[in-house]
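S.K.: Build me a model:
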Amino acid sequence: MNKIEEVMMELEKCFEHNFFYLKKDSITYAFSPRRILNDKKEKEIKEEKDIFDAVTTIKSFTEVYAFSLFDFLDDLKNVDAEINGEGDNFWFNDNKNYGIFRFDVRRIVIAKLVKSAEEYKKFADKLMAIEDKRIEEIRKSEEKYRDLKNWFVPKILTHLEDIVK
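M.R.: You can find the predicted model right below:
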């Protein structure tokens, strides 16, 4: 995880100051117990029993789910396979059981750190194909956006080549 943050700090230097809103204590991963527990409603705390119920729920969630999730997330190969893999394991956003702060950038950094050169090239090509489709209409409508090398994802991919060797 520290390596991701080191690369992110270096990468941010290639963009305007504070572009990624990074600090040493920035969040990398986040998760929502409510989403995971399928409990979308906030419970009202009216009496002491409600506090104990909430603490029990948090404790159970942490023991049953969070600890194993942290172990899973500690291995970047696991994370890469889940978010940058094939089929349902290729996320288009991080609206899942856990989130990755600045998902759009960190997913690329994680891929660069763990994939072989050949796998990374395939990943980058796939990402660029998606990006091309996404911005095609914008490029048609705005003259200043015709040059693809100035777009965000291509810029990230280009700078990562210099940062992570």
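S.K.: Which parts of the chain are helices?
M.R.: Along the chain, the segments classed as helices by DSSP state H run 2-12, 33-36, 48-61, 67-74, 76-83, 103-114, 117-141, 152-163.
S.K.: Tell me which of these lies nearest to N89.
M.R.: In terms of C-beta to C-beta, the element of the helices of the chain nearest to N89 is helix 76-83, at 5.5 Å. All C-beta atoms are positioned from the backbone trio N, CA, C, and that covers glycine.
S.K.: so the closest one versus helix 2-12, what angle?
M.R.: Helix 76-83 and helix 2-12 are oriented at 70 degrees to each other (axes from the mean of the first three to the mean of the last three C-alpha atoms, to 10 degrees).
S.K.: so where's this protein shaky on pLDDT?
M.R.: Low-confidence regions of the chain, defined by pLDDT under 70, span residues 1, 17-43, 93-99, 101, 137-139, 141-151.
S.K.: how about a cut-off of 90?
M.R.: 1-47, 49-76, 79, 82-107, 126-165 (pLDDT under 90).
S.K.: quick one on the thing from earlier: winner for burial among the helices of the chain?
M.R.: Of all the helices of the chain, helix 103-114 has the most neighbours on average by mean count of other C-beta atoms under 10 Å, namely a mean of 20.
S.K.: Show me what that one is packed up against.
M.R.: Applying 3 or more C-beta pairs under 8 Å, 6 or more residues apart in numbering; DSSP states H and E, one finds that helix 103-114 contacts helix 2-12, helix 76-83, helix 117-141, helix 152-163.
S.K.: Mind putting those into CSV with distance to A111?
M.R.: Below are the helices and strands packed on helix 103-114 laid out as CSV (distance: least, C-beta to C-beta, whole Å):
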stretch, distance to A111
helix 2-12, 11
helix 76-83, 6
helix 117-141, 5
helix 152-163, 9
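S.K.: Need the nearest residue in space to N89, chain neighbours excluded.
M.R.: E82 (5.5 Å; C-beta to C-beta, 6 or more residues apart in numbering).
S.K.: How much space separates the one you found from C14?
M.R.: 27 Å (C-beta to C-beta, to the nearest Å).
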